[in-house]
Every structure is written in structure tokens, then in C-alpha cells.
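[1] Take a look and give me a structure for this.
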Amino acid sequence: MAHWGMFEAESDGSDITAVHPFPGDRDPSPILGNAVGSVRHGARVTAPAVRRGWLEHGPGPTEARGRDDFVEVSWPELTDLLAAELRRVIDTHGNEAIYGGSYGWASAGRFHHAQSQVHRFLNCLGGYTRSLHSYSLGATGVIMPRVVGTHWKLFARSTNWDVIARNTDLMVCFGGVPLKNTGVNHSGTSDHPTRGALDRFRDRGGAVVSISPLRDDLHGECTWLAPRPGSDVALMLGLAHVLASEGLHDKEFLATHCVGYERFEDYLLGRADGVPKTPQWASDRCGIAAADLVGLARRMAAGRTMVTVTWSLQRVRHGEQAPWMGVTLAAMLGQIGLPGGGFGHGYGSMNEPGLAPVPYPLPTLPQGNNPVKAYIPVAAVSDMLLHPGEEFDYDGHRLTYPDIRLVYWAGGNPFHHHQDLNRLRRALGRPDTVVVHDPYWTPMARHADIVVPSTTSLERNDITCTRNDPLLVAMHAAVPAHAHSRDDYATFAALAEKLGVAAEFTEGRTAQQWLEHLYGQWREYVRRDGGPAPDFRTFWREGHVRMRTEDNLILFEDFRADPVRHPLTTPSGRIEIFSADVDGFGYDDCAGHPTWYQPEEWLGGERAQRFPLHLIANQPRARLHGQLDHGPVSQASKVRGREPIRLHPADAAARGIADGDVVRVFNDRGACLAGAVLDDGVRAEVVQLSTGAWFDPLDPADPDSMCVHGNPNVLTPDVGSSKLAHGCTGQHVLVQVERFDGELPPVRAFAPPRVQLR
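    From the prediction side, this is the model:
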């Protein structure tokens with residue numbers, strides 16, 4: 001099982017030669033093919049390695065990370081060095097000085113889950129500074145619990161695709177429903193039903209409106225509205241104005257199931273600020289004709305309508321506003337909790353929303369207790385490293401960045417997720433020590449002092465399942481561990497032995513015994529529910545077991561039926577269109593109700609005069625994030641070895657750019673090379689360059705060097721969504737694009753750094 005699907009692997013005894021999707025998968029993801037040749041790829045970390053400068057001069061801040069060479073050491077030597085450094089930092093600076101970052105999708109397995117392993121280990125040592133929420137959902141992770149009392153239920157217990165296919169008349173999809181993203185789910189997936197569900201929905205007579213600068217953000221026939229990127233809230237306000245001014249809103253639902261609509265309506269109709277948010281007002285900002293907005297609003301009120309907002313819309317400055325406004329729009333229609341109506345967040349963002357959940361807890365490695373109170377929002381890592389001791393606002397609290405001396409990273413590559421990579425590189429120069437567990441020489445591994453060679457999921461046994469898939473799967477190792485790589489569990493067990501916490505970390509179990517133990521705990525939940533629960537040997541031999549799923553779910557159905565008996569977990573128990581708590585924080589960038597804030601990075605502002613193209617840095621179609629960028633599927637998507645950038649033909653012609661040219665993409669933060677693909681499915685004045693190409697600086701010694709491979713995060717601003725959530729804002733950025741006519745530099749992203757023997 002991988003995040004992008006269940007499969008069987010063929011091997012030659014040392015590497016994967018072919019993969020075959022699970023026969024029950026209705027629409028297998030093509031990125032499964034990236035597994036072929038991945039085990040013995042030249043980018044593998046083959047042995048423990050220590051940066052030469054750290055080995056010779058000891059720990060301390062340095063600008064040499066990312067440019068120094070490495071020295072190969074033995075496992076016993078690495079264990080001694082790392083144990084001693086952990087002890088030094090804890091004894092001298094305290095556990096708060098360790099940042100357990102480890103943000104990533106390293107393994108679909110439930111036991112060999114890198115984040116769980118490193119957090120369990122660090123907790124055995126007394127804890128660590130942690131991060132909250134995710135780059136994908138930093139803004140909604142904070143605002144949605146305040147608006148509807150939950151976050152994870154919006155995905156895990158969303159209205160089922162079968163319910164939509166049978167009941168919905170109109171889907172209005174802000175950000176579309178991009179099928180490329182539904183290829184993946186954390187902890188794996190055995191089926192991909194979204195394409196088929198959309199087809200059944202249309203066959204029944206349902207209609208879709210896709211609101212996105214990219215036409216292919218929705219599969220199949222639809223009405224495509226291509227607004228100015230970043231203007232979705234203005235567009236929604238224009239729709240809401242029609243509903244309110246024409247009496248098409250459901251006043252009874254707003255009165256019985258919501259609080260604060262009156263405060264919002266004062267803003268909407270201009271009573272509060274003198275600016276009515278009319279369709280023409282909205283049109284001036286989003287670029288969609290006012291008449292089209294009026295017609296769409298009336299159409300939404302005339303039938304069963306589902307309003308959806310993709311995760312991408314909240315990865316921008318003021319990212320809290322679009323999903324909050326989406327809920328408000330759905331509440332005004334009064335269809336929340338009805339079959340096929342209401343609100344959805346994340347359809348097309350991952351293979352989870354719309355899928356039936358299982359009713360059991362998942363097998364999970366316990367991480368223990370973390371007594372350290374310090375934490376940061378996950379996208380604030382550079383701020384934390386660069387500004388220790390500085391205060392900042394977050395979700396109604398006034399917090400202080402800790403003084404981090406050791407960064408411990410396992411199972412992730414922040415050079416895919418994080419913004420303003422030149423700033424991140426400077427930030428990574430500040431700690432005393434950076435430790436990275438990774439199977440590959442990713443950009444993060446290259447910026448480490450101590451590099452621990454981890455196995456991939458293809459080289460170890462594990463079990464996995466996810467909360468919206470019916471199969472618990474036995475993951476059998478397909479090939480032996482490559483070179484001198486080890487499972488993270490073995491690495492941490494050795495460190496725990498050296499540091500005197502072995503009994504607490506391992507509980508006396510081998511990795512295989514942990515699998516049996518976790519399975520046994522899960523089995524009891526199923527047995528009590530009356531479901532099939534074979535013993536571990538039978539499960540391991542048969543390869544998977546099917547669980548009961550909760551089909552035909554409707555989001556907030558119970559709440560709609562009786563908001564008194566089934567209240568939300570908001571302060572009022574109802575949908576908070578106006579949040580007194582948020583309003584009370586007094587933030588100038590997140591008011592107490594959905595609000596339009598003009599972005600800086602958008603085509604309607606002054607900055608666009610210098611950088612006149614709006615870049616959408618979305619998720620790639622040929623891989624998951626930056627995983628296996630060297631795989632054959634990902635490599636086949638490149639243009640002359642660079643990440644493809646899509647341009648509208650008119651924008652390309654104005655710049656003398658032809659299909660297949662290498663172009664320089666730049667702004668005042670940085671630059672990268674990319675391969676031009678001309679496509680009229682991209683709105684004019686918009687370009688699209690996916691994240692995930694491994695960062696490859698032309699000159700590793702230059703902290704402002706151009707990335708020759710096409711990583712857009714050299715361009716994106718490292719600012720939070722707002723003082724409320726401080727979420728990632730890497731989706732949108734203004735740039736200029738020009739044809740690159742110089743000597744084309746080689747791509748060296750997958751070539752290991754110099755590693756010398758001790």
C-alpha cells in the first residue's frame with residue numbers, strides 16, 4: 001500500500017521492476033509507476049553520513065549547510081555522535097530547544113510512520129517543541145472549529161459521493177474538483193471513486209460549475225468560470241448579495257441553526273461600511289460579469305445545491321475567509337444537512353472527502369506525553385529559527401518563539417512545503433545541529449549535519465489503513481533493505497538504548513511484534529462491532545481484511561434535524577457566521593465574520609505592474625508532493641529536465657516563448673527555470689507551476705541562487721495567512737516569465753553530494 005494506492009509489486013530481488021494496482025480499484029493512480037526503480041536509485045542515502053564541518057568543528061550555527069560535503073560513518077559511530085548531541089542540547093538548553101519537525105508523508109504504514117516514531121522517541125527523552133496543523137490546511141484547521149465546531153469531520157465524515165450523485169442538482173465548486181489530487185490519501189487507499197461519481201452525477205442530470213483559473217480543475221462537462229486568482233471571497237459575496245437582496249436566502253435556517261447572520265448582512269449590504277457587495281462590486285474584483293453572478297445565484301437557490309471549496313483556496317493570505325464564506329453561502333441557501341446540499345471542503349483535494357468512513361480507531365503507534373508546552377503553527381518554522389524570543393499572535397494567544405538548538409526531521413522535505421526557500425536556507429543555518437532521517441538525498445538531507453539512511457516502505461513490513469477506506473492492508477516487504485539503510489524504529493531503538501530509555505521506547509517489542517500488537521488492539525474494536533476479525537497470521541497471509549463502512553453520510557444531518565439535541569461544538573452550538581471570539585481578538589487581518597481583504601499577490605494590485613503574471617503553485621499530477629520526483633512518471637512530465645510551467649498562448653506569444661522552451665520565472669524573492677507548456681486551459685495572465693520539483697540551486701554556496709529545476713517556492717512569500725491561523729500562503733504569487741537563452745545548466749537534484757569515507 002502507498003499513499004497513492006494499493007498494489008502488488010514485482011522485483012528482481014533488489015528493486016521494483018513493475019507495479020500492478022489492486023483489482024478492486026476503479027481508477028488507479030498513474031503515479032504508482034514512480035515506485036519502479038526507486039529502491040536502488042542513485043539518489044539513495046546508502047550509509048550514515050555527517051557533514052564534514054560539523055564533524056571537524058562540532059555543533060554550531062553555520063552557513064555551510066547545503067554546500068558542505070559529507071563523511072560516511074559507521075552505525076555505532078553515528079549512534080554515539082547523535083546520542084551525545086541530544087544529551088548535550090537537553091542538558092544545556094532543555095527539551096524546548098529541540099524542534100521535532102518531521103512534517104511529511106514518508107510512509108503509508110501505521111507503525112513505520114516517521115512522525116510517530118520520532119515524536120515517540122523525543123517524548124521518551126522529555127519532549128520537544130512541536131508544530132500544529134498542516135501546510136495543506138493551516139488556515140481551516142483554526143477557523144473551521146470556530147465556525148462549525150470541527151475540522152476533520154469536514155473530510156472524514158463529509159457528504160458521501162453516492163448521496164451527491166443521487167440527490168444534488170448543482171455543484172458549485174470553488175477551486176473545482178481536481179482529479180489529480182484524488183489519487184492520494186494519507187495511509188493509503190484501495191479505490192479511487194471520484195471520477196465515476198462525477199460521471200454518475202452528470203448522467204442523472206446534475207450540473208457542475210467550476211470556479212477556477214484552471215479549466216482542468218474539473219473532470220468532464222461543466223460551466224467554467226475563470227476568475228482573477230485570489231478573488232473567490234469577493235465572488236462569493238456577490239452571490240450572497242443577490243440571495244439577500246432578492247429574498248432568496250433561508251431566513252428560518254439562519255435563525256435556528258446559525259448565529260451572527262445579521263452582523264454579516266450589515267457588512268454584505270453595506271450598512272456597516274457604506275460599500276454594498278453587489279454583483280458589480282464583485283465583478284470589478286473577480287473579472288466575472290455581474291450578470292453571470294446574478295444568474296448563478298438564482299440558479300443556486302432554485303434547486304439542491306452543494307457548495308464546495310478546495311483546500312487550495314485557504315493556502316493564501318487571508319486564507320481563512322474563503323472556506324468561512326463558503327459555509328456562509330451554503331447556510332444562506334439553507335440546505336446544510338440535506339441530502340446532496342450544503343457545504344463541502346476538500347472534494348478533489350485528496351481521496352478522502354466523499355468516501356465512506358470506517359467506525360473504528362486506526363492502529364496507531366502511541367507517541368506518549370510531551371511535557372514541553374512550546375509550539376508553533378507549522379508554516380512558521382523559518383520565523384521560529386530566525387527570531388528566537390520574539391512574540392507573535394496565534395489563534396487568540398500571544399506566544400514566544402523558542403530558541404531552537406537542534407532540529408530533528410524525519411520523513412519530510414520542507415523544501416517542497418515551505419515558502420521563500422532562500423529565507424528557509426538562512427533559517428536552517430542558525431541551529432547548532434540539524435538531523436534528518438531520509439531514504440534519499442533530498443534538499444533537506446543536503447542541509448543536514450547528520451543524515452540517517454532510512455528504508456522505504458518497500459523494504460519493510462507494516463500494516464496500514466485510513467479512516468475513509470474499508471481495507472486494513474498487510475504491507476509485505478518487497479525487497480531487502482538497500483545498502484546500509486535501517487528502519488527508523490531500529491535507529492531510535494539503538495539511540496534509546498544509548499540514552500537509557502530503551503524500555504520506554506520499545507516496550508520490549510521488535511518491529512514485527514509491534515505490528516501484531518497494534519493489529520490485536522484494532523481487532524478488538526472490530527470484534528466488539530460484530531465484524532470479521534481474523535487472527536494476525538491469517539490476516540498476514542491473506543493480505544487484507546475488509547471493514548464495515550458508514551455509507552450514505554450527510555454532513556451535519558443530525559444537527560439540521562435537531563440543533564438542540566445535536567449541537568455543534570462551537571460556543572453557541574450553532575454555525576457561527578459571526579464569531580464573537582474571533583472578533584474579540586481584534587486582529588486587523590481576520591474580522592469576526594467573512595470579509596474581503598484585497599491581496600497583495602494578485603492581478604488587481606500595484607505589485608502586478610512589476611510582476612504581471614499570477615502563478616498558481618498547485619499540487620503536481622505526476623507525483624505526491626516531492627516524493628519520488630526521480631521516478632519514471634514524474635520524469636516523463638518534465639520539459640527538458642525541468643518542471644513544466646503552463647502559460648496561456650497569448651501570454652507566451654507576448655514574450656516570444658514557444659512550447660518546449662526553457663523559461664526563467666522570477667520576482668524580487670528569487671528565480672527558477674521551468675519548461676514552457678502552452679495551454680489555453682489556463683486563464684490569461686495566469687501561469688501554473690506545481691510544487692515538488694527538488695530544489696536544485698545553480699550555486700549551492702549562494703543563498704539567493706536560482707533553482708534550475710523549477711521549484712516555485714523560491715518565489716513564494718513566507719508570510720502567514722493571518723494572525724489567527726498563520727497558515728501556509730504558498731498557493732499564489734506574482735511573477736514575470738521570460739525565455740531563457742543562456743547556456744542551460746544541468747539538473748543535479750538527484751545526484752548525491754560528495755560523500756567521503758572516514
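[2] Now residue 329: which helix or strand?
    Using DSSP states H and E, residue 329 falls within helix 321-333.
[3] List the buried residues of that helix.
    Buried residues in helix 321-333, counted by 16 or more other Cβ atoms under 10 Å: 321-333. No exception for glycine: its C-beta is placed from N, CA and C like everyone else's.
[4] distance of the closest residue to residue 412 other than its chain neighbours from residue 614?
    Spatial nearest neighbour of residue 412, chain neighbours left out: residue 104 (2.3 Å); criterion: Cβ to Cβ, 6 or more residues apart in numbering. Distance of residue 104 to residue 614, given as Cβ to Cβ, to the nearest Å: 28 Å.
[5] so the residue nearest to residue 412 touches residue 436, yeah?
    No. With contact defined as Cβ atoms under 8 Å, residue 104 does not count as touching residue 436 (10.9 Å).
[6] Looking at these two, which is more packed in?
    residue 436 (27 against 23; other Cβ atoms under 10 Å).
[7] The more buried one should be in a strand, yeah?
    Yes. The assignment for residue 436 (DSSP: H, G, I helix; E, B strand; the rest coil) places it in a strand.
[8] what's around residue 558, how many residues?
    12.
[9] Was I right to think it contacts residue 568?
    No. Using Cβ under 8 Å, residue 558 is not in contact with residue 568; the gap is 10.3 Å.
[10] that older thread, how about the buried residues of helix 321-333 in a markdown table, adding pLDDT and distance to residue 148?
    Listed next are those as a markdown table, based on pLDDT from 0 to 100; distance: Cβ to Cβ, whole Å:
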| residue | pLDDT | distance to residue 148 |
| --- | --- | --- |
| 321 | 98 | 15 |
| 322 | 98 | 15 |
| 323 | 98 | 10 |
| 324 | 98 | 9 |
| 325 | 98 | 13 |
| 326 | 98 | 11 |
| 327 | 98 | 6 |
| 328 | 98 | 11 |
| 329 | 98 | 13 |
| 330 | 98 | 10 |
| 331 | 98 | 10 |
| 332 | 98 | 15 |
| 333 | 98 | 15 |
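[11] next helix or strand past the helix holding residue 329?
    strand 342-345.
[12] so where's this protein shaky on pLDDT?
    106 (pLDDT under 70).
[13] Show me it divided up by domain.
    Split into domains by automatic domain parsing, the chain comes to 1-37, 45-133+367-460+477-508, 140-358+553-585, 606-739.
[14] Out of those domains, which is closest to residue 749?
    Counting by Cβ to Cβ, residue 749 lies closest to domain 606-739 out of the domains of the chain; the figure is 3.9 Å.
[15] quick one on the thing from earlier: quick one: which of the domains of the chain is nearest residue 519?
    domain 45-133+367-460+477-508 (9.4 Å).
[16] Against residue 436, how distant is the residue nearest to the spatial centre of the chain?
    With distances taken as Cα atoms, centre = their mean, residue 136 lies nearest the centre of the chain, 3.1 Å away. To residue 436, residue 136 is 22 Å away according to Cβ to Cβ.
[17] separation between residue 260 and residue 582?
    10 Å.
[18] which residues are in contact with both of the two?
    Jointly contacting residue 260 and residue 582 under the rule Cβ atoms under 8 Å, 6 or more residues apart in numbering are residue 592.
[19] out of these two, which sits in the more crowded spot?
    Neighbour totals were compared for residue 260 and residue 582, and residue 582 leads with 24 against 21 (other Cβ under 10 Å).
[20] Is that one in contact with residue 595, as I believe?
    No. Using Cβ under 8 Å, residue 582 is not in contact with residue 595; the gap is 10.5 Å.
[21] What are the boundaries of the helices in the stretch 601-750 of the chain?
    632-636, 649-654 (DSSP state H, counting those that start in this stretch).
[22] export those to JSON lines and tack on mean neighbour count?
    Listed next are the helices of the stretch 601-750 of the chain as JSON lines, based on neighbours: other Cβ atoms under 10 Å:
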{"stretch": "helix 632-636", "mean neighbour count": "16"}
{"stretch": "helix 649-654", "mean neighbour count": "15"}
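[23] Is it possible to get a markdown table of the ones you listed that adds distance to residue 22?
    As requested, the helices of the stretch 601-750 of the chain are exported to a markdown table (distance: least, Cβ to Cβ, whole Å):
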| stretch | distance to residue 22 |
| --- | --- |
| helix 632-636 | 18 |
| helix 649-654 | 40 |
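[24] Mind checking these for the one nearest to residue 514?
    helix 632-636 (32.3 Å).
[25] who's in contact with that closest one?
    30-31, 33-34, 36-37, 620, 622-623, 628-629.
[26] tell me the strands in the stretch 551-700 of the chain, going along the chain?
    575-576, 613-616, 644-647, 662-666, 671-678, 686-689 (DSSP state E, counting those that start in this stretch).
[27] What is the second one packed up against?
    It stands for strand 613-616. strand 686-689, strand 732-739 (3 or more Cβ pairs under 8 Å, 6 or more residues apart in numbering; DSSP states H and E).
[28] likewise the third one?
    Where contact means 3+ Cβ pairs under 8 Å, 6+ apart, strand 644-647 is packed against strand 671-678, strand 686-689.
[29] what's the offset of it from the middle of its chain?
    22 Å (Cα atoms, centre = their mean, to the nearest Å).
[30] now swap in stretch 161-180 and tell me
    For stretch 161-180, the distance to the chain centre is 21 Å (Cα atoms, centre = their mean).
[31] Quote the end-to-end distance of that stretch.
    Terminal residues of stretch 161-180 are spaced 17 Å apart (Cα to Cα, to the nearest Å).
[32] Next, the buried residues of that stretch.
    161-165, 167-180.
[33] Pretty sure residue 695 sits against residue 709.
    Yes. Counting by Cβ under 8 Å, residue 709 is a contact partner of residue 695 at 7.0 Å.
[34] How many neighbouring residues does residue 541 have?
    The number of residues packed near residue 541 is 10, by other Cβ under 10 Å.
[35] and it, that one's in a helix?
    Yes. Residue 541: assigned to a helix according to three-state DSSP.
[36] doesn't residue 302 make contact with residue 335?
    No. Contact criterion Cβ under 8 Å: residue 335 and residue 302 do not qualify, at 11.7 Å.
[37] hey, where'd the helices end up in the stretch 251-400 of the chain?
    251-257, 261-268, 279-286, 290-302, 321-333, 381-386.
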